[in-house]
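Engineer: task: produce atomic coordinates for the following.
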Amino acid sequence: MNKAQDNSAPAQAASAPSPCPWPLKPVISRTSILWMALALLLLGWTGWNVEMPAMLRLSAEGLADAAGIREQSQVGSGFRGMVEKLFPPAISVRTPLERLPGLDRDNLPAFSYIDSKKESFDVRINYDTLEQHISVHREEELIEPYGYLLFVVRKMWESLEIGIWGTLLAVMLSAPLAFFSARNYSPHWAVYAAARSTVAFCRTIPELVSALFFVLAYGFGPMAGVLALGFHCTGFLGKFYAEDIENAERGPQEALFALGAGRLRVLRVAVLPQVLPQYIAYTLYILDRNIRMATIIGIVGAGGIGQELKGRWDLFHYSHVCTIMIVLFITIILLDMASARIRRNIIR
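Structural biologist: This is a model prediction of the structure:
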């Protein structure tokens, strides 16, 4: 009897369920429900402040107008009027010959010609006889069929140059800042704090605001645009580069440190090969962003196609604005294809 009891005791102990070593927390708790309710209230209040209900109402009316359910809407009328003004895009340039006093008729620009079909009428009244004298003047114009398109392409190339040099300036400034902003490589906490503060300060000021200051200092032109883009993007690249240095695999670094290698050698041999593909991705993204931002900062006089866009918009030349937007869209598409190919060739 005692042996039977002794044999059954281990069996009962083995069949007893063992406590789970990983306690599972409920996904939804009372606290999370309370925070979600507070977040919804905050979103509702801020949505009312930014007129989200009115936006939803106008958007619904515009969709109903597009589907033919509603006769007319504010959004539909606005988009139709905009499309009518934007298209067809402006490609040619017509310049009266009186504005071109030094034009050589035998040596016109490529693909251009002189048009003399435009007529103007000058009406004069003889107050003695009260008779009208109408004189007809035939105006001559220089027609450049692709003149405005070529002009926009040249301005777009200037924006590309501003974006490229702004990115190069940001890379050159952010590389040393990233080294000193990495906690595991900065030589002193004061240097680390100063580098982090510099990166944060560069990132805080938007390009448009810094472009205004650089325009005041350097004058109108692409110099202000390059400095504005380089100054702002130094903050982003410095932060991204430093975080990748801190998160790099520690094993190869510790092995080189154990062999007596210095910080710069360890950074070059053990860290840079790990972070280089990500650095390239960051830099290509900043380049793409800078080319688009070069259009915006040009509005305040920092060079590029933005100055032309602002001028045409102020003059209500919407067909010219359409041409600028088409060239900008094609440029961004080509740049995206090129950057994807570069990333693919380097990462593999």
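Engineer: use CA for all of it now, contacts and neighbours both
Structural biologist: Fine.
Engineer: would you indicate which residues of the longest helix anywhere in the chain are buried?
Structural biologist: The single longest helix within the chain, with elements called by DSSP state H, is helix 147-181. Neighbour counts over helix 147-181 (16 or more other C-alpha atoms under 10 Å) mark 147-149, 151-153, 155-171, 173-175, 177-181 as buried.
Engineer: ok, stretch 84-95 next?
Structural biologist: 85-86, 89-94.
Engineer: keep only those of those that are in helices.
Structural biologist: Judged by DSSP H, the buried residues of stretch 84-95 include 85-86 as members of helices.
Engineer: show me the contact partners of the helix or strand following the longest helix of the chain.
Structural biologist: Per DSSP states H and E, the first helix or strand lying C-terminal to helix 147-181 is helix 189-204. Identification of contacts with helix 189-204 by C-alpha atoms under 8 Å, 6 or more residues apart in numbering yields 177-178, 180-183, 186, 231-236, 238-239.
Engineer: how about helix 189-204: buried residues?
Structural biologist: For helix 189-204, by 16+ other C-alpha under 10 Å, it's 192, 195-196, 198-200, 202-203.
Engineer: check pLDDT for these and point me to the minimum.
Structural biologist: Note: of the buried residues of helix 189-204, the lowest pLDDT belongs to Arg203, at 89.
Engineer: quick one: it and Arg105, what's the gap?
Structural biologist: Separation of Arg203 from Arg105 (C-alpha to C-alpha, to the nearest Å) stands at 54 Å.
Engineer: then Val300?
Structural biologist: To Arg105, Val300 is 38 Å away according to C-alpha to C-alpha.
Engineer: okay, the two: which has more neighbours?
Structural biologist: Neighbour count, other C-alpha atoms under 10 Å: between Val300 and Arg105, Val300 has more, with 20 against 10.
Engineer: residues touching that one, list them.
Structural biologist: Val300 is in contact with 208, 211-212, 215, 307, counting by C-alpha under 8 Å, 6+ apart.
Engineer: same list, those residues, but as TSV with secondary structure and neighbour count please.
Structural biologist: As requested, the contacts of Val300 are arranged in TSV below (DSSP: H, G, I helix; E, B strand; the rest coil; neighbours: other C-alpha atoms under 10 Å):
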residue	secondary structure	neighbour count
Leu208	helix	21
Ala211	helix	30
Leu212	helix	19
Val215	helix	21
Gln307	helix	21
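Engineer: same list (those) but as CSV, adding distance to Asn345 and pLDDT.
Structural biologist: What follows is those, written out as CSV (distance: C-alpha to C-alpha, whole Å; pLDDT from 0 to 100):
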residue, distance to Asn345, pLDDT
Leu208, 34, 89
Ala211, 35, 92
Leu212, 39, 92
Val215, 39, 92
Gln307, 36, 85
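Engineer: export those residues to TSV and tack on distance to Glu98?
Structural biologist: TSV is the format used below for the contacts of Val300 (distance: C-alpha to C-alpha, whole Å):
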residue	distance to Glu98
Leu208	39
Ala211	38
Leu212	37
Val215	35
Gln307	26
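Engineer: could you say which helix or strand holds Met337?
Structural biologist: helix 318-347.
Engineer: per-residue pLDDT, Lys155?
Structural biologist: 92.
Engineer: verify the stated contact: it with Gly298.
Structural biologist: No: with contact defined as C-alpha atoms under 8 Å, Lys155 does not count as touching Gly298 (10.4 Å).
Engineer: give me the common contacts of these two.
Structural biologist: The contact lists of Lys155 and Gly298 share 304-305, where a contact means C-alpha under 8 Å, 6+ apart.
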